[in-house]
Each structure stands twice: as C-alpha cells, then as structure tokens.
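Novice: sequence and predicted structure below; questions after.
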Amino acid sequence: MGAAGLYGRKRETDLIAELLAKARAGTSSALVVRGEPGIGKTALLGHAAAAAGNMRLLHGSGVESEAELPFSGLQLL
C-alpha cells in the first residue's frame, strides 16, 4: 500500500521512510507501532513492508492465546 492510501498519515510514513533510509545506510533502529484496534497499525506496517523494497523483512503476528507466554513471538523468527 502506498502513502497515498494512508490518508492523514504523512508524519508516520515520513518517519518510516527516514528509518528505512537510515537502515539502507547501515544504521539500525526500531519502530514501535501500538494503539487501539482499528486505528491503522496493520496498514502502516504494510506500507513499511512495501517501502522496504528488496530489504530483508522478518514478520510475525501475535496470537492472543500466547500473550502470557514469554518470548512467544520470538519463535516465529
């Protein structure tokens, strides 16, 4: 999904572009996307994945039933 599909998210898409540019230059960083259900977190992550182009992408999805298990999301990687 392109930035045009993320109405009102210029600040967030600019930040994603900046972090990806730094990653391409060899600087590591992290981005935490959190918020209430339905605010577009998945859309932002989809935009970031598309904008990453040919960069290696690791993706995992949380499962509510494993929320209390330590490091449960790490097994996906």
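Specialist: Thanks, I have it. Numbers count the residues shown, from 1 in each chain.

Novice: list the contacts of the residue nearest the centre of the chain.
Specialist: Nearest to the geometric centre of the chain sits L45, at 3.5 Å (CA atoms, centre = their mean). With contact taken as CB atoms under 8 Å, 6 or more residues apart in numbering, L45 is in contact with V33. The way it works is simple: take the backbone N, C-alpha and C, and place the C-beta from them, glycine included.

Novice: buried stuff in whichever strand or helix holds it?
Specialist: Using DSSP states H and E, the element containing L45 is helix 41-51. Residues of helix 41-51 classed as buried under the neighbour-count rule (16 or more other CB atoms under 10 Å) are L44, H47, A48, A51.

Novice: then that helix to PDB, C-alphas only?
Specialist: This file holds the C-alpha atoms of helix 41-51, laid out as PDB (Å, rounded to 0.1, in the frame of the first residue of the first chain):
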ATOM      1  CA  LYS A  41      -1.400  -0.200  12.700                       C
ATOM      2  CA  THR A  42      -1.600  -3.000  10.200                       C
ATOM      3  CA  ALA A  43      -1.900  -0.600   7.300                       C
ATOM      4  CA  LEU A  44       1.200   1.300   8.500                       C
ATOM      5  CA  LEU A  45       3.200  -2.000   8.800                       C
ATOM      6  CA  GLY A  46       2.000  -3.000   5.300                       C
ATOM      7  CA  HIS A  47       3.300   0.400   4.000                       C
ATOM      8  CA  ALA A  48       6.600  -0.100   5.700                       C
ATOM      9  CA  ALA A  49       7.000  -3.600   4.200                       C
ATOM     10  CA  ALA A  50       6.200  -2.300   0.700                       C
ATOM     11  CA  ALA A  51       8.500   0.700   1.100                       C
END
